[in-house]
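Undergrad: only geometry, no sequence info:
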């Protein structure tokens with residue numbers, strides 16, 4: 001397959017057109033064969049969001065979960081369209097230049113935001129010798145992609161100065177220390193905290209706060225910094241839409257004279273995760289790792305026992321009795337997932353329970369998510385008798401509840 005050389009810049013109009021087409025294709029894919037993958041990520045994201053940003057409106061939480069889960073497919077489409085690849089503007093370049101001038105290498109700590117896949121290309125264009133820490137599966141993908149596509153697409157870049165290190169290799173830390181001693185830029189993702197598929201060994205992990213939850217954190221970035229005596233530069237990668245992409249290089253984190261390694265590791269990781277929290281809160285829908293976050297929690301998410309609702313026979317479902325009442329979701333951890341056309345279920349993202357929904361109950365639950373008044377929903381149904389039965393059953397199992405309308 002031929003590849004387009006992007007050393008010669010396409011027109012801005014063509015780039016924007018290709019980007020929009022890639023976004024549309026990614027969204028179509030998220031509703032097509034890849035729907036299962038997106039739902040898996042969306043479910044994990046809803047679990048984490050319920051535990052961290054649960055005070056936000058349900059519509060906002062749903063939007064964050066859905067958009068963050070779709071980004072993988074959108075960027076897959078962009079990755080296959082080289083002409084649409086972003087060019088980076090650099091902010092905070094002075095921090096990088098000062099670190100490189102030290103001659104002992106530098107650790108760059110980005111996160112999975114926006115166009116992070118293009119980071120290594122941007123760093124090579126800056127003239128850096130890059131060592132990227134990846135897991136075993138992604139090492140194979142990255143190395144093969146460099147050989148198959150990166151070299152033809154960017155023939156002017158020296159790809160011989162780009163290398164990967166397998167994070168599962170017992171000698172990975174030794175290899176990274178050697179890379180730094182050769183003056184290289186080592187890239188380690190802050191939110192690569194738990195490895196592939198969320199695996200995290202609690203041995204040696206630090207306990208830090210993120211978004212109001214205590215999480216377990218692997219201190220590898222700080223441990224490498226202490227061992228090699230080199231600074232860490234947090235890097236925020238922002239997708240600025242039609243304005244391109246921005247690399248924001250933040251001030252260095254460095255070990256102070258006579259600061260103990262253990263104290264430094266805790267301080268450095270706290271600083272890194274404080275930066276990650278700031279980035280997440282600024283653009284939560286642009287963070288791809290929501291689906292893994294709950295796996296970092298030091299303790300399982302609390303799940304209140306389902307409230308015991310009054311039996312349907314104790315609830316007067318006549319229209320006059322419902323005046324002034326609004327529908328509300330029975331518990332914050334209940335979320336609707338539409339697996340395919342006409343197929344819906346409600347999942348308790350904390351307990352793991354699931355309820356298959358018939359069309360009438362699915363519509364009722366959606367109305368509860370919107371806070372619709374009970375009488376408005378009831379009057380919109382074709383059969384009042386069936387509507388009463390649907391509402392009564394949903395109240396009985398705790399899917400929805402009735403509250404006083406504001």
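TA: Right, received. Where do you want to start? Remember, predicted model here, so these are calculated numbers, not experimental data.

Undergrad: rest of the way, CA atoms for contacts and neighbours
TA: Noted.

Undergrad: Strands of the stretch 301-406 of the chain, start to end?
TA: 325-329, 334-340, 343-348, 354-357, 400-404 (DSSP state E, counting those that start in this stretch).

Undergrad: Please convert the ones you listed to TSV, extending it with distance to residue 270, mean pLDDT and mean neighbour count.
TA: Listed next are the strands of the stretch 301-406 of the chain as TSV, based on distance: least, C-alpha to C-alpha, whole Å; pLDDT from 0 to 100; neighbours: other C-alpha atoms under 10 Å:
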stretch	distance to residue 270	mean pLDDT	mean neighbour count
strand 325-329	36	92	23
strand 334-340	32	82	18
strand 343-348	32	88	18
strand 354-357	37	88	15
strand 400-404	40	90	19
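
Undergrad: Tell me where the stretch 51-200 of the chain has strands.
TA: For the stretch 51-200 of the chain, applying DSSP E, counting those that start in this stretch gives strands covering 88-91, 106-109, 130-134, 162-166, 185-187.

Undergrad: C-terminal to the last one, which secondary structure element comes first?
TA: When you say that, I think you mean strand 185-187. strand 206-210 (DSSP states H and E).

Undergrad: So which residues make contact with that following strand?
TA: The list of residues contacting strand 206-210 from outside it, by C-alpha atoms under 8 Å, 6 or more residues apart in numbering, reads 214-219, 266, 270, 273-274, 277, 298.

Undergrad: Tell me where the model's unsure across the stretch 51-200 of the chain.
TA: Counting by pLDDT under 70, the ranges of the stretch 51-200 of the chain that qualify are 194-200.

Undergrad: cool, the stretch 201-350 of the chain as well?
TA: Scanning the stretch 201-350 of the chain for pLDDT under 70 picks out 201-202, 302-320, 339-342.

Undergrad: re earlier: by neighbour count, sort out the buried ones in the contacts of strand 206-210.
TA: Among the contacts of strand 206-210, those classed as buried by neighbour count (16 or more other C-alpha atoms under 10 Å) are 215-219, 266, 270, 273-274, 277, 298.

Undergrad: got these as JSON lines, with distance to residue 188 columns?
TA: JSON lines is the format used below for these (distance: C-alpha to C-alpha, whole Å):
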{"residue": "215", "distance to residue 188": "19"}
{"residue": "216", "distance to residue 188": "17"}
{"residue": "217", "distance to residue 188": "14"}
{"residue": "218", "distance to residue 188": "12"}
{"residue": "219", "distance to residue 188": "11"}
{"residue": "266", "distance to residue 188": "17"}
{"residue": "270", "distance to residue 188": "16"}
{"residue": "273", "distance to residue 188": "13"}
{"residue": "274", "distance to residue 188": "16"}
{"residue": "277", "distance to residue 188": "17"}
{"residue": "298", "distance to residue 188": "22"}
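
Undergrad: Tell me the one of the residues you listed nearest residue 166?
TA: Of all the buried ones among the contacts of strand 206-210, residue 166 sits closest to residue 218, with 16.0 Å by C-alpha to C-alpha.

Undergrad: What's the separation between the closest one and residue 105?
TA: Counting by C-alpha to C-alpha, to the nearest Å, the gap from residue 218 to residue 105 is 22 Å.

Undergrad: Out of the strands of the stretch 51-200 of the chain, which is closest to residue 24?
TA: strand 88-91 (22.7 Å).

Undergrad: other SSEs contacting that closest one?
TA: Under the contact criterion of 3 or more C-alpha pairs under 8 Å, 6 or more residues apart in numbering; DSSP states H and E, strand 88-91 touches strand 245-249.

Undergrad: What lies in contact with the strand it packs on?
TA: Counting by C-alpha under 8 Å, 6+ apart, 86-93, 95-96, 115, 233-240 sit against strand 245-249.

Undergrad: quick revisit: which one of the buried ones among the contacts of strand 206-210 is nearest to residue 26?
TA: Taking those together and measuring to residue 26 by C-alpha to C-alpha, the closest member is residue 277, at 26.9 Å.

Undergrad: Residue 323 and residue 372, how far apart?
TA: 12 Å.

Undergrad: Those two: which has the busier surroundings?
TA: It is residue 372, of residue 323 and residue 372, that has more neighbours when counted by other C-alpha atoms under 10 Å, with 18 against 14.

Undergrad: Report whether the expected contact of the more buried one with residue 325 is present.
TA: No - applying C-alpha atoms under 8 Å as the test, residue 372 and residue 325 come out as separate, 9.0 Å apart.
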